[in-house]
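> quick one: sequence and predicted model below, then my questions.
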Amino acid sequence: MILGIDFDNTLVCYDGLFHAAARERGLIPESVPRSKQGVRDYLRAVGREDDFTVLQGYVYGPGIRNASPFPYAVEGIRALLASGAEVCIISHKTRTPILGPRYDLHQAALDWLREQHFFAEGMLTPDRVFLEESKEAKAGRIADMGCTHFVDDLPEFFRLPQFPQDTRRMLFSPQSRNAVSDESWLCFHSWRAICRYCMRHGD
Ligand SMILES: [Mg+2]
């Protein structure tokens, strides 16, 4: 198995961070749902989508240091590597935010991975991390790396025509319990479930 893994909202859990950062800036009332989606939906509805884009630049930049990995992501990757799987991280991430202060988002991502022990002994090395400037380049990288499986939180990425046909799509959907597997992709609600599947379908 060659397992490719997306980064934002697949490995990194930003729960509560968008809400907290938006509250600090006075952009939303407390009652807005605490998820990234909730904050984005609210700001879109009130015509402040640019504020959301700037906020995202902050959360994915300096704000990432307050984010945690999803439960069992680190332990699960360690177990998969020990079982002989190859693992790489492939993300669509521009070097700097599209709007707002020009934080180095690539450096922030690598610093976070190191801080969260993804580069510890028996884990990954930085040369297994690919931060691509476009969705198409991300899909191309998945093909180049020969990923047999890819985990991502965005169904629309799997629908991209450039997504390699032979790579098994694994949708990570920790929030919506009613998302289900179909002929397009397998659906997982936790990293434990992802790892259980990978251990069973390793070769
Ligand atoms: Mg993602």
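Received the coordinates, thanks. Residues are numbered from 1 along each chain as shown.
> just the CA coordinates for the helix or strand hosting Val74, please, in PDB.
Secondary structure assignment for Val74, by DSSP states H and E: helix 73-82. Written as PDB, here are the backbone C-alpha positions of helix 73-82 (Å, rounded to 0.1, in the frame of the first residue of the first chain):
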ATOM      1  CA  ALA A  73      -3.700  10.100  13.200                       C
ATOM      2  CA  VAL A  74      -0.100  10.100  14.600                       C
ATOM      3  CA  GLU A  75      -0.300   6.600  16.200                       C
ATOM      4  CA  GLY A  76      -2.100   5.200  13.200                       C
ATOM      5  CA  ILE A  77       0.500   6.400  10.700                       C
ATOM      6  CA  ARG A  78       3.200   5.000  12.900                       C
ATOM      7  CA  ALA A  79       1.500   1.600  13.000                       C
ATOM      8  CA  LEU A  80       1.000   1.700   9.200                       C
ATOM      9  CA  LEU A  81       4.600   2.500   8.600                       C
ATOM     10  CA  ALA A  82       5.700  -0.300  10.900                       C
END
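> identify the residues contacting the longest strand seen in the chain?
Ranked by residue count under DSSP state E, the longest strand found in the chain is strand 86-92. Residues from elsewhere that reach strand 86-92, judged by C-beta atoms under 8 Å, 6 or more residues apart in numbering: 1-8, 11, 77, 80-81, 109, 113, 118, 124, 128-135, 137-138, 141-142, 145, 147, 150, 157. No exception for glycine: its C-beta is placed from N, CA and C like everyone else's.
> show me which positions of the helix holding Val74 end up buried.
Ala73, Val74, Gly76, Ile77, Arg78, Leu80, Leu81 (16 or more other C-beta atoms under 10 Å).
> up against the ion, what does this protein have?
For the chain, the residues found near the ion under the criterion C-beta under 5 Å from the ion are Asp6, Asp8, Asn9, Thr10, Asp153.
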